[in-house]
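Participant: This is a predicted model, with the sequence first.
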Amino acid sequence: MILVTGATGNVGRHVVEQLVEAGEQVRAMTRRPERAGLPDSVEVVRGDLAEPESLPAALRGTDRVFLFPMPGRLPGFLDAAKGFGLQRVVLLSASAVTYETPNPIGRMHEECEAAVTGSGLPWTILRPGAFMANDLHWAASIKATGVVHGLDDGAAGAPIDERDIAAVAVRALLDDGHAGEAYLLTGPEALTEPERVGIIGRVLGRDLRFQALSVEEARAGMLTRMPAEVVDSMLAMRAEAREMARVAPAARNLIGRAPYTYAEWATYHVNDFR
């Protein structure tokens, strides 16, 4: 039995679905089982990494786990997991831990990684860069005006489709040989924000427009979605655009096919932008 935490998130939902497709027994842990909407064969349990009393029901009878990062909560989970005989941990981390610029996102994930690597359990760490799914926050303005506002400073990234992160997680959960490995995961192409908006427009068959903002204007908009420390860190990290744009080979090598392109991701999510 494989436990998936964060089972209704952008990545966790796909991990669950792909494990089911592989014929595995899956238990999904979520705070709201009644809203999970997962395949019928999945055992859905109520649980929260922040609620230790909920963990035994989630862990009992499992031997592998896909672990959602939650700073400060993983040591307790991992201690409980060892008591139930857990044999493998696949942690969702982030590429921010590899950046030279110190940043709160990286520090948060470094804490989670340290908890896992120090647990004594066999582990694999996934370090995806930006999720393509992050661009879903453009959907409202695309629907309303056909205009996306953002920074046009030439910074590029190689965002990754959430389905590909899940595919790597499934490979690490099912196949031996990944213990002690940390994989940097990116999509197959480096793209700027205006380029990504153009791709969404072509998929929709609409002329979308990217309107450049000043750094101050962009920061104000980001503050409506994220804490100030995270916003300032993300803006500072844009200076590492060359590193952020580097296409890493791990996703292709691990899943045995080309990762999804941004156009394929936009097509998969076309109804979210309509």
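Facilitator: That came through, no problem.
Participant: Show me how far the host helix or strand of Ala140 is from its chain's centre.
Facilitator: Using DSSP states H and E, Ala140 maps to helix 139-144. Distance, stretch centre to chain centre, for helix 139-144: 23 Å (C-alpha atoms, centre = their mean, to the nearest Å).
Participant: Follow the chain on from it and name the next helix or strand.
Facilitator: With secondary structure assigned by DSSP H and E, helix 139-144 is succeeded by strand 147-150.
Participant: partners of that next one, with directions?
Facilitator: strand 209-212 (parallel) (DSSP bridges).
Participant: got the contact list for the partner strand?
Facilitator: Gly146, Val147, Val148, His149, Gly150, Leu151, Asp152, Glu193, Pro194, Val197, Gly198 (C-beta atoms under 8 Å, 6 or more residues apart in numbering). For glycine as for every other residue, the C-beta is placed from the backbone atoms N, C-alpha and C.
Participant: mind listing the strands for the protein?
Facilitator: Remark: strands assigned in the chain by DSSP state E are 2-4, 26-30, 43-46, 64-67, 88-92, 123-128, 147-150, 156-157, 181-185, 191-192, 209-212.
Participant: can I get these in JSON lines with mean neighbour count, distance to Ala236 and mean pLDDT?
Facilitator: Conversion of those to JSON lines gives the following (neighbours: other C-beta atoms under 10 Å; distance: least, C-beta to C-beta, whole Å; pLDDT from 0 to 100):
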{"stretch": "strand 2-4", "mean neighbour count": "27", "distance to Ala236": "33", "mean pLDDT": "98"}
{"stretch": "strand 26-30", "mean neighbour count": "26", "distance to Ala236": "34", "mean pLDDT": "97"}
{"stretch": "strand 43-46", "mean neighbour count": "18", "distance to Ala236": "39", "mean pLDDT": "96"}
{"stretch": "strand 64-67", "mean neighbour count": "26", "distance to Ala236": "28", "mean pLDDT": "98"}
{"stretch": "strand 88-92", "mean neighbour count": "23", "distance to Ala236": "23", "mean pLDDT": "98"}
{"stretch": "strand 123-128", "mean neighbour count": "24", "distance to Ala236": "19", "mean pLDDT": "97"}
{"stretch": "strand 147-150", "mean neighbour count": "18", "distance to Ala236": "16", "mean pLDDT": "92"}
{"stretch": "strand 156-157", "mean neighbour count": "22", "distance to Ala236": "15", "mean pLDDT": "86"}
{"stretch": "strand 181-185", "mean neighbour count": "19", "distance to Ala236": "20", "mean pLDDT": "96"}
{"stretch": "strand 191-192", "mean neighbour count": "19", "distance to Ala236": "18", "mean pLDDT": "92"}
{"stretch": "strand 209-212", "mean neighbour count": "15", "distance to Ala236": "19", "mean pLDDT": "93"}
